[in-house]
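J.: Here you go, sequence then predicted model.
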Amino acid sequence: MAENNVILSVQDLHTSFTTDHGEVMAVNGVTFNLNEGMTLGIVGESGSGKSVTAYSIMQILEKNGSIKSGKILFKGEDITRWPEAKMRDFRGKKCSIIFQDPMTSLNPVFTIGWQLKEAIELHTDRKGKAAEDRAIEMLKLVGVNEPEKRIHQYPFEFSGGMRQRVMIAMALACEPDILIADEPTTALDVTIQAQILELMQDLQKKMKMAIIIVTHDLGVIAQMADEIIVMYGGRVCERGTAEDIFYRPAHEYTKGLLRSIPSVDKIGQRLVPISGTPINLLNLPKGCAFCPRCDQAMKICLEQQPPETRTIDGHLSSCWKAIEEEAAAGLIDLTGPDGKPEDTSKLAEVSEKD
Amino acid sequence: MADKFTPDSQYLVQAHDMKMYFPVKTGWFHTTPLKAVDGVSFDIKPGETLGLVGESGCGKTTVGRTLLRLYKPTGGDMYFGGKRIDEKSIGGLRKDMQMVFQDPYSSLNPRMTVEDIIGEPLDVHKLYSGKKERREKILYLMELVGLNAEHATRYAHEFSGGQRQRIGIARALATNPSFIVCDEAVSALDVSIQAQVINMFEDLQKKLGVAYLFIAHDLLVVHHISNRIAVMYLGRMVETAESNELNNNPIHPYTQSLLSAVPYPDPKEAKARKRIILEGDVPSPLHMPSGCPFRTRCRYATDQCKAEMPPLTDKGGGHKVACWNR
Amino acid sequence: MGIEKESYNPDQTPKKHALSLQLDVSKFEKATDEEKKQADVMSESSSFFRDGMKKLRKNPLAVFSIIVLIIILATIIIAPHVVPYSYSQIITVDGRRDKSATNMAPFTYSKMEQAYMAKGGKVFPHIMGTDELGRDYFIRVVYGTRISLSVGVFAALIVLIIGILYGSVSGYYGGKVDLIMMRIVDVIYSLPDLLMIILLSVVLNEVIKPSGNGFLAKLGTNMISLFIVFGLLYWVGMARLVRGQILTIKQNDYILAAKVSGAKGSHIIRRHILPNSISVIIISAALQIPSAIFTESFLSFIGLGVKAPMPSLGSLASAARSGITTYTYKLIFPSIMIGLITLAFNLLGDGLRDAFDPKLRR
């Protein structure tokens, strides 16, 4: 894929929050590119920094949070330097976000139509009747029956799934280039979740936008994403196509995550959980963020953050264990502290001992 | 009641025709019953796990709470170990029937230490002779659920969700119960932690022989942990079977669509799979459709479904389905 | 470490030797569990209370308020023992009444005092001057503060006790009991409090003629009626708050868990409901104190307060109105005092809420 297809490029993003207990390092050097019309999945558990990354792109962080360093390039322009007025235009028109909880995302005292119209009038030239027509058109697009009638109703008259549809209609009303979906179906039931996911895929085909889907649900990500970023402790562990991540995981965390989900093939077997407790973002380890919970942790994992390397099958991961395997396979030259080439056969021996 | 229900001694827990209606004010002087649970029957053998699945508002949580008599049931007979559960007997049965809650945050009192939270059921039932015995019992329970003994004096708010859930499980185990209702006990946890807690539930069952009523909305989790599964929709049970049987051969159209809607963590399979996507939303339990509650979203709905609720009938091998057409 | 940064490109096939790392291969040995544990530290243990105190200490306004209140408290306790004047007596110099020592400015001395000092006698300075009857104004302000503060604390206590009892019964039992109890609260809310105080003080003046030399007698019937009105009317806000607190706490799963364990109602109230609602209740009681002080000052100002010669901050301010242009300081001192006390209590209450209210935590 050529460079010019990249619509959004996040480079070495650091975001942190100041709290009473110290600085919470939520995102620590996240880099990724989003291509036009593609779906990027960001997957991780609570505290992995996946939502904060999304909020950083939109610059809708809470008051105590801020982007410490890094660039966010939208069509080549660094939006972290944009003034608030320009950002307002960016949000909604260029890039929209839908949230987990459709119950609190809508204002209960205004009708659905009023809220949709407001969003449309704010960002486009359509005013009055034209905006209302657009609102009805959008509701029809997201599968709300009898939109002419329903624009006069209030959010409480809509079910959870219907509200999420309205949120999607609102987000897409100005035909943004990017839709960020932050846990869009977590609050919904499975049958409704299936409806919403189907709708999002359908709309992506029609409107040709890029989607960033942020979720903890590996099932959702498997269904939706073309490319996947796995995050832990505010860092990217592994990235690649959906097939890379699910069939050829290289990072120990990704492997652990896939082992720990129950599935039909594992019935009767014991699940293999990741041991330990989630990371304390106030107190990040010096080396790899995952090492305190990693079964395969090595001395080097505790001391140095792993660099991102290309795995044996060609995607990228940041794991010393993977690097060890890559070196053993002769993909990476390892030189010792003195600069002389290391004997990689020795390395294979070391790993065999484990 | 037409025919009196007699409990079967092979079962630890039996519920027959459980009904729980909540009065909802619909006008100045008018109340309409909200039929949260409307005639649900099930039974659980000692040391067995019954999974109860359904979407939000289907009444699965109410079933668990009514069974433990946190609500006064509108109707039905519930038995525990051959003993009828009622206002009089429940006081003596509390020790044997416990519960683990969904929310690891609101289920632990933030002003109490781990030690006092786990010790509360011991205090209530006076299950120790002295301070030393209490402490020993608490430390044993903490070890049982994989908590560090040095955490005993810490407060609940200092722990992560998974550890909090362990504290809640230790509390439930304190009185040495033979039956535990797990109400969405792993739903709020991260995947990697969820697996730890599921394993622990399984280990405890092997070690202590407890039976579970495992209530959850996540079919994969329920399938993994349960011997049998019951599917609920709008206060009624629509299908129940051995868990593998239910998974491989779902009969009720609701179960079929529920199973097909589960997002499968495998990209090729997820993209290739044919989904039966249900139209529309779950009707309000205040305005229940006549006959079968699922007919408004069902592909096979006929006039018969409109007229009459289908009974739960055995399709062979204990696979029971409530559907006219299947 | 020399690492070539690669841009992410999934289509590319892996290159051989794309990276070159300088590493010590011996580091690729398995780490022990202890080593891993060291990297994973749990934060310091702290109880809810200690955590709250830590937060409170970090709040400069709250700390400032505490310091101001301690200074005020120390002054009103110590000053009467140090200053040789009494709040009700005209200044006496060398055993003789000093009729000329009226309306003096701060830190000035009358002719008699100056003469006495010239003879070598010692005179304690009039820090805030004297009033129109020749009484030391500083000691009057100190006593006024004593009265105002004790009225405030006492009234808050009455409100607290009645409010907790009424609110917890209503909240815990719920249903019809709650309905009836809350309607009574609504009725009491609708009564005009000022009118009630005036009516009560008129009636009380007739009914109980305070006898003897007790503290209450010195305060006068107006003050007694003020307390009664606080006891009768002002608890309703507290009762509503307590009831609301209990209703929210009852929603928590740990209450349900206690019920599943077989715990009885009294156990649940004692172990779960009270410890979780007490901080909010105490905070709101702390905020009740300045409002009571304000009410007292206001009533004293319009002449319904403490009985002369007992001063209160409000009556002092009221008395200062007559000479407001010439003796401005007489109005300024009690006003500053009222302002300082109410501000300090309000800021402290806010600080306490920020530090201890469970709803604002996490």
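T.: Now that the structure is in, tell me what you want to look at. Residues are numbered from 1 along each chain as shown, chains lettered A, B, ... in the order given.
J.: how about the residues of the stretch 201-326 of chain B near chain C?
T.: Nowhere does the stretch 201-326 of chain B come near chain C, counting by Cβ under 8 Å from any Cβ of the partner chain. No exception for glycine: its C-beta is placed from N, CA and C like everyone else's.
J.: Pick out the residue of the stretch 1-150 of chain B closest to chain A.
T.: B:Glu55 (3.8 Å; Cβ to the nearest Cβ).
J.: In the stretch 201-326 of chain B, what residue lies closest to chain C?
T.: Closest point on the stretch 201-326 of chain B to chain C, by Cβ to the nearest Cβ, is B:Leu213, at 13.1 Å.
J.: Count the neighbours of the residue nearest to that residue when sequence neighbours are not counted for me.
T.: In space, and not counting its chain neighbours, B:Leu213 is closest to B:Val181: 4.7 Å by Cβ to Cβ, 6 or more residues apart in numbering or on different chains. A count of nearby residues for B:Val181, using other Cβ atoms under 10 Å in any protein chain shown, gives 27.
J.: host element of B:Val181?
T.: B:Val181 is part of strand B:179-183, with elements assigned from DSSP states H and E.
J.: In its sheet, which strands sit next to that strand, and in what direction?
T.: When pairs are called by DSSP bridges, strand B:179-183 turns out to pair with strand B:97-100 (parallel), strand B:211-216 (parallel).
J.: In CSV, list those along with mean neighbour count and mean pLDDT.
T.: Output for the strands paired with strand B:179-183, formatted as CSV (neighbours: other Cβ atoms under 10 Å in any protein chain shown; pLDDT from 0 to 100):
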stretch, mean neighbour count, mean pLDDT
strand B:97-100, 27, 94
strand B:211-216, 26, 95
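J.: In a markdown table: these, plus distance to C:Ile341.
T.: Listed next are those as a markdown table, based on distance: least, Cβ to Cβ, whole Å:
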| stretch | distance to C:Ile341 |
| --- | --- |
| strand B:97-100 | 51 |
| strand B:211-216 | 56 |
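J.: hey, where'd the helices end up in the stretch 1-150 of chain C?
T.: Ranges of helices within the stretch 1-150 of chain C are C:33-39, C:48-57, C:60-82, C:111-118, C:137-173, based on DSSP state H, counting those that start in this stretch.
J.: winner for burial among those helices?
T.: Of these, the one with the most neighbours on average (mean count of other Cβ atoms under 10 Å in any protein chain shown) is helix C:137-173, at a mean of 22.
J.: Let me see the mean pLDDT of that helix.
T.: Averaged over helix C:137-173, pLDDT sits at 87.
J.: same question, stretch B:149-159
T.: Averaged across stretch B:149-159, pLDDT comes to 84.
J.: is any part of that stretch close to chain C?
T.: Yes - residues of stretch B:149-159 contacting chain C under Cβ under 8 Å from any Cβ: B:Thr153, B:Arg154, B:Tyr155, B:His157, B:Glu158.
J.: Centre-most residue in chain B?
T.: Most central in chain B under Cα atoms, centre = their mean is B:Ile215, positioned 2.7 Å from the mean C-alpha point.
J.: A:Ser56 touches A:Lys68, doesn't it?
T.: No - in this structure, A:Ser56 is not within contact of A:Lys68 by Cβ atoms under 8 Å, at 10.0 Å.
J.: which neighbours do these two share?
T.: A:Thr15 (Cβ atoms under 8 Å, 6 or more residues apart in numbering or on different chains).
J.: and these two? which has more neighbours close in?
T.: Neighbours were counted for A:Ser56 and for A:Lys68 using other Cβ under 10 Å; A:Ser56 has more, 24 against 13.
J.: quick one: the more buried one and chain B, what's the gap?
T.: Going from A:Ser56 to chain B by Cβ to the nearest Cβ, to the nearest Å gives 22 Å.
J.: Just give the number of residues close to the nearest residue to that residue once chain neighbours are set aside.
T.: The spatial neighbour of A:Ser56 that comes closest, neighbours along the chain excluded (Cβ to Cβ, 6+ apart), is A:Thr15 at 4.8 Å. Using other Cβ under 10 Å as the criterion, A:Thr15 is surrounded by 23 other residues.
J.: Tell me the first helix or strand C-terminal of whichever helix or strand A:Thr15 is part of.
T.: Secondary structure assignment for A:Thr15, by DSSP H and E: strand A:6-19. Per DSSP H and E, the first helix or strand lying C-terminal to strand A:6-19 is strand A:22-35.
J.: sorry, back to before: please work out the average pLDDT along the strand holding A:Thr15.
T.: Across strand A:6-19, the average pLDDT comes to 92.
J.: partners of it in the sheet?
T.: Next to strand A:6-19 in the sheet, as set by DSSP bridges, lie strand A:22-35 (antiparallel), strand A:65-74 (antiparallel).
J.: highest average neighbour count across those?
T.: For the strands paired with strand A:6-19, the largest average neighbour count (mean count of other Cβ under 10 Å) is found in strand A:22-35, namely a mean of 20.
J.: Past it, which element shows up next along the chain?
T.: strand A:39-43.
J.: mind listing what's buried in that next one?
T.: For strand A:39-43, the buried set under the neighbour-count rule, 16 or more other Cβ atoms under 10 Å in any protein chain shown, comprises A:Thr39, A:Leu40, A:Gly41, A:Ile42, A:Val43.
J.: and the strands paired with strand A:6-19 as TSV, adding mean pLDDT?
T.: As requested, the strands paired with strand A:6-19 are exported to TSV (pLDDT from 0 to 100):
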stretch	mean pLDDT
strand A:22-35	91
strand A:65-74	92
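J.: nearest spatial neighbour of A:Leu13, skipping sequence neighbours?
T.: A:Gly70 (3.7 Å).
J.: What average pLDDT does the longest helix along chain B get?
T.: In chain B, assigned by DSSP state H, the helix with the most residues is helix B:191-208. For helix B:191-208, the mean pLDDT works out to 92.
J.: how far is that helix from where the chain is centred?
T.: In terms of Cα atoms, centre = their mean, to the nearest Å, the centre of helix B:191-208 is found 16 Å from the chain centre.
J.: quick one, strands of chain C?
T.: Secondary structure of chain C (DSSP state E): strands at C:19-22, C:92-93, C:96-97.
J.: typed the wrong thing, it's chain A
T.: A:6-19, A:22-35, A:39-43, A:65-74, A:77-78, A:95-98, A:178-182, A:210-215, A:227-232, A:235-241, A:309-310, A:316-317, A:332-335.
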